[in-house]
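Visitor: When you get a sec, could you give me coordinates for this:
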Amino acid sequence: MDAKRRSSGLRLERVQASRQFSDGAFRNANGIAPNLKGSPLPLLGEYFFGDAQRNPPGPLPLERPHETWRRPAGSGFRVTWLGHSTVLLELDGRRVLTDPVFGERASPLSFAGPRRFHPVPAALEELPPLDVVLLSHNHYDHLCRPTMEALARAPGRVPIVTALGVGASLERFGVAPERITELDWDEAVEIGGVRITAAPAQHFSGRGARDRNKTLWASWVIQSERRKVFFSGDTGLTKQYEAVGRAHAPFDLVMLEVGAFHPAWGGIHLGPANALEAFAMLGGGTLLPVHWGTFNLALHAWDEPAETLLALATERRVRIVTPRLGSAFEPEEVEKPVPWWREVAAAS
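Guide: Presented below is the predicted three-dimensional model:
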């Protein structure tokens, strides 16, 4: 499906006017494309004959946050990781939900594709009133059609902020166009007391064989009156984060993807080591790893991203937080990371 069939009118004009858009597609600033490095044969061998524990050996420990959400955060800043890249941010009384995926699979099919390891710690109807929903890009593990269709029907008509071109999909899912704000890199919008700025990312987009890179991908700066958070979406390591750090740091929390990594596609996903490099570029502070622990999207063990990150962060004396799924926590009150994933293997 070409860009004109996906976007039209002002949306198409803005897509075509973007500095990131060239020859009918969006591109990374340094030209990196989402192509595998080298022959795919070693990857096939790793997929069929590798011994990595790609699925958890038992149920994951979950906490139910809905009772905590009824009480205001003492510090004014509370965070709930609901799995993968879905995070509820409570900032000075404002609530932002990132990349909400409440569906059973990260897939266009209801009967096939990556299935979640765990139930969502809270149902959509249990969420507190939201001020903004933020969508980083249109991949299935970030833009979930059943979730967005449910949000389109839900009372409250919550505004949705996303990257250029993604709004066409949202409208097809039933979201009213006046609820949708699309941003190019370095553009910002203020909605409901929250300022959201789209920042560069190094990734790609597409939901099928014919729409590769027809919509933009982005990372995000989320700012309330007293708090500021960075959310990577999906990205590889890019020097552009040095400029983001200079422009926006310090952050109260930096949320970076650490899962679904492999050397064969190292330019489009961070993994633990590169996440720490990006974290340094962004000015440091407190790191919350996301994009792991919910779906089998790579060839590494399901808990390798967290285990490796914890080892590297301990060695380098980097402050990280590793909350249990569904734990509604205030970052300022967390003394040290909790390796909860080890409980799964111990209990199996």
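
Visitor: and Ala313, what pLDDT?
Guide: At Ala313, the pLDDT value in this model is 98.

Visitor: ok, now the one 3 residues further on?
Guide: Taken from the predicted model, the pLDDT recorded for Arg316 is 97.

Visitor: how about it, phi and psi?
Guide: phi -100, psi 0 (degrees, to the nearest 10).

Visitor: how much space is there between it and Arg14?
Guide: 41 Å (CB to CB, to the nearest Å). (Each C-beta comes from the backbone N, C-alpha and C, glycine too.)

Visitor: what's the answer for Met281, then?
Guide: Note on Met281: its distance to Arg14, by CB to CB, is 28 Å.

Visitor: Can you report how many residues lie near Arg319?
Guide: Per other CB atoms under 10 Å, the neighbour tally for Arg319 reads 14.

Visitor: which one is it nearest to, not counting chain neighbours?
Guide: Spatial nearest neighbour of Arg319, chain neighbours left out: Thr286 (5.0 Å); criterion: CB to CB, 6 or more residues apart in numbering.

Visitor: doesn't Thr322 make contact with that neighbour?
Guide: No. Using CB atoms under 8 Å, Thr286 is not in contact with Thr322; the gap is 11.3 Å.

Visitor: any idea which element the residue lying closest to Arg324 once chain neighbours are set aside lies in?
Guide: With CB to CB, 6+ apart as the criterion, Arg324 has its nearest non-adjacent residue at 4.8 Å, and that residue is Trp340. Trp340 belongs to no helix or strand when assigned by DSSP states H and E.

Visitor: let's have the chain start at 251 instead
Guide: Noted, 251 is the first residue going forward, which turns the last one into Trp590.

Visitor: List phi and psi for Trp590.
Guide: phi -60, psi -30.

Visitor: and if you look at Glu492?
Guide: Main-chain torsions, Glu492, degrees, to the nearest 10: phi -60, psi -40.

Visitor: Please apply the same query to Leu341.
Guide: Per degrees, to the nearest 10, the backbone of Leu341 is at phi -120, psi 110.

Visitor: Spit out the contact partners of the closest residue to it other than its chain neighbours.
Guide: Setting aside the residues directly before and after it, Leu341 is nearest to Ser474 in space (CB to CB, 6+ apart), at 3.7 Å. Shown in contact with Ser474 (CB atoms under 8 Å, 6 or more residues apart in numbering): 341-344, 443-445.

Visitor: Relative to Cys394, how far out is Ser474?
Guide: For Ser474, the distance to Cys394 equals 25 Å [CB to CB].
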